[in-house]
Each structure stands twice: as structure tokens, then as C-alpha cells.
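Visitor: fold the following for me, if possible:
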Amino acid sequence: MMRFVRSAFVIARRDFAATVLSKTFIFFLLAPLFPLLFGGTFGSMSARIASQTAKPVVAIISSQADFDRLSQARDELAQAVGDDNVPKIVHYAPEPNAAAQVKTLLASTDPPIRAVLTGGLDDPHLTGSITGDGGTTGQLRLLLANARASAASEPTLPVTSVQTSSGSITNDRAVTAQIAQTLLFILTILLSGMLLSQLIEEKSNKIIEVIAAAVPIDAMFVGKLFAMLAASVTGLVVWISAGALLVQMIKHGGVATLPAPAIGWWGFLVLTIIYFAMNYLLLGAAFLTIGAQASTAREVQTMSMPVTFGQMLLLLLASTAIGAPDSTYGIAAAVFPLSSPLTMLARAAERPEWWPHVIAILWQALWVGVILRMGSQLFRKTVLKSGPRTKWWRFGRA
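Guide: Predicted coordinates for the structure are as follows:
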């Protein structure tokens, strides 16, 4: 046992030093900036394009007085629900040939008109590529009703603002849970994939055979896995510190103004690192086992694709617990070992109790041991093809 631990420690120290003390580790730390940068840029562009194309344009053929009352009603509705959620209206003066004018406007591309409202406020009629029970039609009915109403002064509605409420806190914590789950998933997929390329390189250079002659195969498996875990945790600590420093610099009041998770920021950060380690060990063992069976990078990509899609399904299962961690789906996602880290991290953002996390960590640690045992046995069989053949029903005893 001591020889196994010493051998695993030697392999872990070797791989950790080769990863962290290399020049490429700087680029490794900068790697998350690129998807965030491109994601933010393309996300803002997509949101702007969607906003421009989603908001319908309705042509109003009426007198100036009727259009002014409709425009005022639209502005009031836009203040309540947001300008992007209300159709845009454009005024056109009536022409002698009303049917030809409607046909011309519906064929117009600058601006692209979805529908034409004729008849003014007294006898309105809507023509266009919309249905009678659609959202645009319903909003236009509301605009017409408000425009027909008397121009009496708006009713007063005193408002007292408070800093927080139960509804706002619940919503903020749900957003924090979703962001934490997504980041944990992306980082695990990104970092565990490094195990594949590293193992392929050592297999192609025959280095792994030299190492296997000096240390047990199981110790090499565990050492490599924990070495990359330590390097990933190092990167995670750097990213969390850099993110907190950035928020402190650009946001008035700094990190203290962010909505705190239910379990507190310090507890949430500690649980983030713990659940990242558990999730990494569970998924990294699978990736390392896959890398041991592949001989080329193409084989690695082919074999790792089903694992990646499976992990996306686990993220989908864990996301069902957001907002309802005590539901049937939430409990099932927390009990299932491969989705448990993602689910429990979301629970830490929404529930203040600590005892479920203690039970979950022990449960996950048990499954980490089982998967490490199974993965190391399969790793031994596939790296050097060593040992006698074992029947699949006796594989657990091998």
C-alpha cells in the first residue's frame, strides 16, 4: 500500500511540475478568456439582431390625431413591459385607393411591415401575416382600448423601494445556481480533456512503457489523474481570484454588492472547489480510461464524443433541480453520482443547510473510489495489455 501511495505521489508530482512550471501553463490560464470574449461578443450581436428582427412593425393608416393617441398608448405600454416587447408603429396618411396602399405597404422592405391597421380608432381593421389570437393582435387591441379611453390624468401609484425581497433573492440565487452549474460543467469538460492528449503523447513516445516498468500501472493512473486535478484546481483558484478582483475594480461596492448564495460566499467558494474536484475525478477517470484505449488523436475524438454528450445530459438533469432542489427530479439528480456535484453546487446557492453537502460529499467520494478502482483495472488492461484475460462478470474481483 505504501509503495502504491509513493508511486502515485511520484507520478503526480512529475506531471504537476511538468504542467504548472511550463510556459504553456500561462496560455492554459488565459484559455477561458477566449470563449468568454467571443461568447460575449457574438451574444450581444445575436441579441441585437434578434431584437431588430423579432419586434414587428405595424403601419397605421389614420389621421394624425388618432396616431398621436395610439403612439401615446404605445409609449405607456412600453414603459411597463419594455420597448422591445411592444410592436413598432409607423404612421401613414390615408390615400384615395386604400386597398392599393395596404398592398404597397405590406410589400415594403424599408421598414419591413408585418401588418397594416386601417380605419382609425372608430372602425379599425388589421391586415397582415398575423393571426387573430396572436400576441401582436392582442397588444394592438390593448393599444386601441387605451387610445379610445378618456385623456384623464394617470392614476397615482405611490411606490416604496426596498433593497431586497424574498422574490428578488430567490431569483438571484437561481441565477447564481445556473451560472455556477454551467461554469463547473465547462471547466470540467475543458480540463479533463487535457488528460487525453497527454496520455496519447506519452504512448506515442513510448514513455509510458518506461514508467510502467518502474511503478504499478494503478499508481500511474491515480497519479496522473490527481496531478491534473491539482493543476486544474490551481487554475480554478487563479480564475476565481482574478474574477473577484475584476468585479472589485469595475463594480461600485465590489464583490459585496453581488447577490450572496444562501450558504454564504466563503462556503460557496469552498464547495465549488470540492465539487469541482469530485466532478473532475468522476469524469477524468472516464477520459483517462478512454485515452488509454486510443492510439491516435482521431480515435480519442471519436471515443470521447459520446462521453461529452452524456455529460451534457447530466447537466440537463442537474438543471432540473434549480428552483426545486427538494423535488423528485432534484433528489434523483443529487443521488445519481455523476450529476450529484452539479446538483449540489446549485443547492448551495439556493439552500443554507450544510448537512446535505456533508452526505453528498461522502457519497460522491465513495463513487470516486469505485470508479477509480474500475478505471485503474481497465487502464492496466488497455495500456500494456498485461495480465490474464478476465471474464466480464469477474471484472470487479480482478
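Visitor: the residue nearest to residue 15 when sequence neighbours are not counted in helix, strand or coil?
Guide: Leaving aside its chain neighbours, residue 15 sits nearest to residue 227 (3.5 Å; criterion: Cβ to Cβ, 6 or more residues apart in numbering). Bear in mind the C-beta positions are built from the backbone N, C-alpha and C, glycine included. Following DSSP: H, G, I helix; E, B strand; the rest coil, the label given to residue 227 is helix.
Visitor: likewise residue 117?
Guide: strand.
Visitor: pLDDT wise, what is it at?
Guide: pLDDT recorded at residue 117 is 85.
Visitor: check residue 12 too.
Guide: Note on residue 12: pLDDT of 75.
Visitor: do a quick rundown of the helices in the stretch 251-398 of the chain.
Guide: Along the stretch 251-398 of the chain, counting by DSSP state H, counting those that start in this stretch, helices occupy 265-293, 297-319, 328-335, 340-350, 355-383.
Visitor: packing partners for the first one?
Guide: With contacts defined as 3 or more Cβ pairs under 8 Å, 6 or more residues apart in numbering; DSSP states H and E, the packing partners of helix 265-293 are helix 166-204, helix 217-250, helix 297-319, helix 340-350, helix 355-383.
Visitor: JSON lines for the ones you listed, including mean neighbour count?
Guide: Output for these, formatted as JSON lines (neighbours: other Cβ atoms under 10 Å):
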{"stretch": "helix 166-204", "mean neighbour count": "18"}
{"stretch": "helix 217-250", "mean neighbour count": "18"}
{"stretch": "helix 297-319", "mean neighbour count": "15"}
{"stretch": "helix 340-350", "mean neighbour count": "27"}
{"stretch": "helix 355-383", "mean neighbour count": "17"}
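Visitor: let me see the domain layout of the protein.
Guide: 56-148, 169-397 (automatic domain parsing).
Visitor: quick one: which of the ones you listed is nearest residue 17?
Guide: domain 169-397 (8.7 Å; Cβ to Cβ).
Visitor: where in the stretch 251-398 of the chain is pLDDT low?
Guide: 251-258, 286-304, 307, 379-398 (pLDDT under 70).
Visitor: same thing with the stretch 101-250 of the chain?
Guide: Ranges of the stretch 101-250 of the chain meeting pLDDT under 70: 132-133, 150-168, 191-213, 217.
Visitor: so which residues of the stretch 1-150 of the chain form strands?
Guide: Taking DSSP state E, counting those that start in this stretch, the strands of the stretch 1-150 of the chain run over residues 57-61, 88-92, 115-118, 125-128.
Visitor: residue 138 is nearest to which of those strands?
Guide: Comparing the strands of the stretch 1-150 of the chain by Cβ to Cβ, strand 125-128 comes nearest, at 11.2 Å.
Visitor: check contacts around residue 309.
Guide: With contact set as Cβ atoms under 8 Å, 6 or more residues apart in numbering, residue 309 has no partners.
Visitor: how much space between it and residue 315?
Guide: Distance, residue 309 to residue 315, by Cβ to Cβ, to the nearest Å: 11 Å.
Visitor: same thing with residue 323?
Guide: Distance from residue 323 to residue 315, by Cβ to Cβ: 16 Å.
Visitor: same check on residue 239?
Guide: 19 Å.
Visitor: before we move on, what about residue 85?
Guide: Residue 85 is 30 Å from residue 315, by Cβ to Cβ.
Visitor: equivalent analysis for residue 111, please.
Guide: In terms of Cβ to Cβ, residue 111 sits 40 Å off from residue 315.
Visitor: what of residue 120?
Guide: From residue 120 to residue 315 the distance is 53 Å (Cβ to Cβ).
Visitor: and what of residue 8?
Guide: For residue 8 relative to residue 315 (Cβ to Cβ), the value is 30 Å.
Visitor: then residue 332?
Guide: To residue 315, residue 332 is 15 Å away according to Cβ to Cβ.
Visitor: test my guess that residue 221 contacts residue 377.
Guide: No - contact criterion Cβ atoms under 8 Å: residue 221 and residue 377 do not qualify, at 9.1 Å.
Visitor: number of residues surrounding residue 136?
Guide: By the criterion of other Cβ atoms under 10 Å, residue 136 has 18 neighbours.
Visitor: ok, residue 71 - contacts?
Guide: Residue 71 neighbours (Cβ under 8 Å, 6+ apart): 89, 91.
Visitor: the residue nearest to residue 334 when sequence neighbours are not counted: what's it in contact with?
Guide: Spatially, and ignoring its direct neighbours in sequence, residue 334 is nearest to residue 343 (4.5 Å; Cβ to Cβ, 6+ apart). Residues counted as contacts of residue 343 (Cβ under 8 Å, 6+ apart) are 317-318, 321, 325, 330, 333-334.
Visitor: give me phi/psi at the spatially closest residue to residue 352 that is not a sequence neighbour?
Guide: In this structure, residue 352 finds its nearest non-sequential neighbour in residue 262, 4.5 Å apart by Cβ to Cβ, 6+ apart. Per-residue torsions, residue 262: phi -60, psi -30 (degrees, to the nearest 10).
Visitor: pretty sure residue 262 sits against residue 354.
Guide: No - at 10.7 Å, residue 262 and residue 354 do not qualify as touching, with contact defined as Cβ under 8 Å.
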